[in-house]
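>>> okay, sequence plus prediction incoming.
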Amino acid sequence: MKNYVISLVSANERREHITSEFSKHAIKFSFFDAITPDLISSVAKDLGLDIVNSDLRNSEIACLLSHVVLWQKAIDDNLDYIGIFEDDIHLGEQANKILSNTNWIPDNAHIIKVEAFYPKVLASIRSSFIPTSNRKLVALKSKHMGTGGYILSNSGAKALLAFIKEYKKLIPIDHIMFKEYLVKGEYKVYQMMPAICIQDFILMRNNTTLPSYLAEDRKARKGSCIKIEEKPSLHKKITRELTRFFTQFIRLLKAEAIVKVKFK
């Protein structure tokens with residue numbers, strides 16, 4: 001499997017981190033020089049994407065395009081599978097077994113999220129165990145943000161590329177892949193359990209040494225608001241409990257459950 005890590009040419013500290021991380025697991029990878037804001041118009045045109053009406057900041061569009069260019073590369077180079085990562089991830093146990101071959105990937109698994117981002121997600125209770133590994137794959141049933149690490153088959157790359165080209169107003173890349181495609185896409189999206197990678201700011205929490213260059217732009221776009229929580233009335237409490245009961249009953253019928261996404 002070809003593994004690519006998206007990274008700005010100038011991100012020396014992040015590149016040193018990734019080189020160390022992949023080297024200690026003896027995993028081959030290549031840096032992909034991230035698209036920069038000054039190139040977004042020409043790159044978007046080459047890919048056939050409309051970026052004119054998007055509310056995203058230029059840096060967010062550049063991030064999105066970096067991922068999409070790699071999808072296109074997987075297609076152009078006729079790669080069976082491609083591993084795509086961001087440059088602040090940490091790798092877990094047995095990473096070499098997972099990222100150095102593709103024998104473990106089921107034929108119907110075209111999009112596999114291998115990172116931990118949310119602590120809990122809704123997923124199918126049916127699973128596919130990965131041979132010679134303590135990990136398994138489950139089909140995601142709810143959104144699971146982040147694009148720190150994922151694997152695409154050639155068919156998966158084609159499906160995502162066709163999907164994103166339908167957007168007249170682009171949204172963040174992780175919302176497209178692991179929220180909207182999850183509902184509307186051609187293929188199931190799988191989650192690796194436990195996850196094989198995690199982004200530094202999640203693992204280290206407030207002690208990250210690799211701050212995101214997109215964080216400020218995202219905050220600026222979203223704005224800030226203060227939530228005022230009201231004490232729920234008795235009626236609301238009863239309604240909430242009934243809703244919870246019926247939700248759990250429906251999940252049971254669908255063979256779905258809330259599961260913890262751990263990094264190991």
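Received, thanks. Numbers count the residues shown, from 1 in each chain.
>>> on the three-state scheme, the closest residue in space to residue 164 that isn't next to it in sequence is what?
Nearest non-adjacent residue to residue 164, counting by Cβ to Cβ, 6 or more residues apart in numbering: residue 176, 5.8 Å away. Heads up, the C-betas are built off the backbone N, CA and C, glycines and all. At residue 176 the chain is in helix, as set by DSSP: H, G, I helix; E, B strand; the rest coil.
>>> and the one 3 residues further on, by the same measure?
What three-state DSSP gives for residue 179 is helix.
>>> surely it touches residue 146?
No - Residue 179 lies out of contact with residue 146 (Cβ atoms under 8 Å); the separation is 10.9 Å.
>>> for the residue nearest to residue 78 when sequence neighbours are not counted, give me its contacts.
Leaving aside its chain neighbours, residue 78 sits nearest to residue 154 (6.8 Å; criterion: Cβ to Cβ, 6+ apart). Neighbouring residues of residue 154 by Cβ atoms under 8 Å, 6 or more residues apart in numbering: 74-75, 78-81.
>>> 10 Å instead, please
Going by Cβ atoms under 10 Å, 6 or more residues apart in numbering, residue 154 touches 71, 74-75, 77-82, 110.
>>> report how many residues lie close to residue 262.
Neighbourhood size, residue 262 [other Cβ atoms under 10 Å]: 12.
>>> please name the nearest non-neighbouring residue to it.
That would be residue 194: by Cβ to Cβ, 6+ apart, it lies 4.4 Å from residue 262.
>>> do residue 209 as well
residue 200 (7.1 Å).
>>> cool, residue 61 as well?
residue 40 is the one closest to residue 61 (Cβ to Cβ, 6+ apart), at 5.0 Å.
>>> likewise for residue 28?
residue 3 (6.7 Å).
>>> look up phi and psi at that neighbour.
phi -110, psi 130 (degrees, to the nearest 10).
>>> try residue 66
Per-residue torsions, residue 66: phi -60, psi -40 (degrees, to the nearest 10).
>>> so, low pLDDT: which residues of the stretch 101-250 of the chain?
The stretch 101-250 of the chain contains residues with pLDDT under 70 at 211-250.
>>> coming back round to it: ok, the residue nearest to residue 164 - contacts?
Counting by Cβ under 10 Å, 6+ apart, residue 176 has contacts 64, 67-68, 147, 160, 163-164, 167, 170, 182, 185.
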